[in-house]
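Visitor: Structure of the sequence below:
(chains A and B)
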Amino acid sequence: MDGDKYGYQISKDIAAWTHDVFQIKEATLYAVFQRLERRELIESYQGEKSHGGKRKYYTITILGKAYLHEAAKEWKEAKQLIDVFMEGV
Amino acid sequence: MQKIRTYVEEQFADLPETEQVVTLKEEIKDSMEEKAADFMRDGKMEEDAVNKAIVDFGNLAEIKKEFMLQHTSPETPNKKKKQKEDMSTLNLGFSICGSALVIALLVFVNMYYTPSEIWFVYPTFGILWWPVSMTFVWLKARKRKVLHR
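Guide: Residues are numbered from 1 along each chain as shown, chains lettered A, B, ... in the order given. Prediction:
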């Protein structure tokens, strides 16, 4: 998950990590980027020229890291809670 | 590959050609082209690959919606909100000054013509409803502003 990446690469990586179980639509992904950028959780910059065009790379901000940390904590708590509920099923 | 360019241009035709829009369109086009190139590497014919890349990319309206939230709305609704909030503060100030003037006039008339009988308090109670109601409007506007932050 490390290193700055461009949009299409991120979508390919997500598919690869999840063994093609979760294939996010690029349109959804770019919409998410817009939203995260608006909230200043990620930043973008123009990368080196490659394949004939300048690519836009995305990187997480300090604020984004802090938010990710918080969100991960909340998610773990929620997951534990759901695990407790699911024990009886 | 020209089809991808045309398609993206068509989809974004209703947005103004600002620098951000151009950058966004380029990013989408590049991404679609790379996707199509990947499909072609897997053995698809160019036309097939381009069509699949466009369909698989998903609905561009989603990106447009987020984009417009980011680049247009921070100006318009904010301005509107500010205007409303400014009005409530102004209204409160006006009501306080206005009622103070009217009450001062009542006090003067009362003291000048009938100093033996204090009657100005009765209309004063009525007049005070004005600034009181404006205070509540103002407080409500402030609360809304805090919630929206």
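
Visitor: For chain A, which residues are neighbours of chain B?
Guide: Contact residues (Cβ under 8 Å from any Cβ of the partner chain) of chain A with chain B: A:6-8, A:25-28, A:30-32, A:34-35, A:37-38, A:51, A:53-56. For the C-beta atoms, the positions are set from N, CA and C on the backbone; glycine is no exception.

Visitor: ok, 6 Å please
Guide: Within chain A, the positions adjacent to chain B are A:7-8, A:25-28, A:30-31, A:34-35, A:38, A:53, A:56 by Cβ under 6 Å from any Cβ of the partner chain.

Visitor: For the residues you listed, give me TSV that also has secondary structure, neighbour count and pLDDT.
Guide: What follows is the residues of chain A next to chain B, written out as TSV (DSSP: H, G, I helix; E, B strand; the rest coil; neighbours: other Cβ atoms under 10 Å in any protein chain shown; pLDDT from 0 to 100):
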residue	secondary structure	neighbour count	pLDDT
A:Gly7	helix	22	84
A:Tyr8	helix	22	85
A:Lys25	coil	15	88
A:Glu26	helix	25	88
A:Ala27	helix	20	89
A:Thr28	helix	15	90
A:Tyr30	helix	26	89
A:Ala31	helix	22	89
A:Gln34	helix	22	88
A:Arg35	helix	16	89
A:Arg38	helix	16	87
A:Gly53	strand	15	62
A:Lys56	strand	19	85
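
Visitor: Might you list the low-confidence residue ranges for chain B?
Guide: Chain B contains residues with pLDDT under 70 at B:72-86, B:148-149.

Visitor: Could you show which parts of it are in contact with chain A?
Guide: Applying Cβ under 6 Å from any Cβ, one finds that chain B approaches chain A through B:27, B:30-31, B:34, B:57-60, B:62-63, B:66-67, B:70.

Visitor: Widest-spaced pair of the residues you listed?
Guide: Taking every pair in those and measuring Cβ to Cβ, the maximum separation is 24.1 Å, between B:Glu34 and B:Gln70.
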